[in-house]
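Undergrad: Compute the structure for the input listed below.
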Amino acid sequence: MIKQLVLLITTIILATACSSRPGESVPNAGRYNQAKDSIPQRLPTLLEMTDPVPQAEPLSRGGNKPYSLFGANYTPLVQVTEHREAGIASWYGNKFHGHLTSNGETYNMFAMTAAHKTLPLPSYVKVTNLDNNKTAIVRVNDRGPFHRDRIIDLSYSAASKLGMLQQGTARVQLELLQSPAMWAQTGTAEQCFIQVLASSDSNRLNQLQQQILQPQALPSEIKPGSGIFRLLVGPTASKQQAQQWLQQLKAGAFPDAYFFDSRQCS
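TA: Take a look at the predicted model:
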């Protein structure tokens, strides 16, 4: 059954192969090993299809400047705080896997990510498949798609979660959940963070964030610095709320939790 699905999807992708990335004058201008996109030999796991938790992140150094491609000019919406859009979604796989995205990260087709022409990098978007009402949250870290009327290129895992692998494309609606501009609006007023854990293993912190903090409805983010990743709860401008969160964390799975900057929380 899986082999039949692979053959069907491969045919669809060859017919509707998505997009070159910004900076290429023509598709596949010597950058990729494959002339056409293709799918991996396995389906994504349930863990790989887990929605990421929207986090407050600053603008990436790359991928947020105006650019031109195929005669069209694009200006990234770096100050956007609200965005809704409907159109056609596609997805991209093996051809781009392991290569750099527009903001300098490495594309992983098994991560819940996406490419958009103008949304800020990074930002978080909720995608709804209008044909089956399935939803997925993706982190936008790349530019695209530059093909016909498509509005977003999804990773292999995101496309699988939305149930669009067989068709190759789907009618979707996008809703912006988190952007650097949204973070900047609240960052000056809400600076109290609680450090839950610090580690060099970002995957471990991501798992803790999803397994413990997300079910508790605690806002959280992971901040990198000097090779160390910090799992933080917050921000909040309420001292009372900060104290409640700290007591909740210390009484639960994180007895060593503490205020990241006590001056902001007391």
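Undergrad: Burial check on residue 243, number of neighbours?
TA: Neighbours of residue 243 under the rule other C-beta atoms under 10 Å: 15. C-beta coordinates here come from the backbone N, C-alpha and C atoms, glycine included.
Undergrad: Could I get the buried residue list for the strand or helix carrying it?
TA: Element membership for residue 243 (DSSP states H and E) is helix 239-251. Using 16 or more other C-beta atoms under 10 Å as the test for burial, helix 239-251 gives 242, 245-246, 249.
Undergrad: cool, and stretch 133-144?
TA: For stretch 133-144, the neighbour count (16+ other C-beta under 10 Å) marks 136-144 as buried.
Undergrad: Then stretch 48-60?
TA: Neighbour counts over stretch 48-60 (16+ other C-beta under 10 Å) mark 48-57, 59-60 as buried.
Undergrad: now, among those residues, which is nearest to residue 158?
TA: Set against residue 158, the nearest of the buried residues of stretch 48-60 by C-beta to C-beta is residue 49 (7.7 Å).
Undergrad: Quick check: closest non-adjacent residue to the closest one.
TA: residue 161 (4.3 Å; C-beta to C-beta, 6 or more residues apart in numbering).
Undergrad: Between which two of the buried residues of helix 239-251 is the distance greatest?
TA: Across the buried residues of helix 239-251, no pair lies farther apart than 242 and 249, at 10.7 Å, counting by C-beta to C-beta.
Undergrad: joint contacts of those two?
TA: residue 194 (C-beta atoms under 8 Å, 6 or more residues apart in numbering).
Undergrad: packing partners for the helix holding residue 243?
TA: Applying 3 or more C-beta pairs under 8 Å, 6 or more residues apart in numbering; DSSP states H and E, one finds that helix 239-251 contacts strand 192-199, strand 228-236, strand 258-259.
Undergrad: Give the pairing partners of the first one; include direction for each.
TA: Paired with strand 192-199 in the same sheet, following DSSP bridges, are strand 228-236 (antiparallel), strand 258-259 (antiparallel).
Undergrad: Quickly compare the ones you listed and say which is most buried.
TA: The highest mean neighbour count among these, using mean count of other C-beta atoms under 10 Å, belongs to strand 228-236: a mean of 20.
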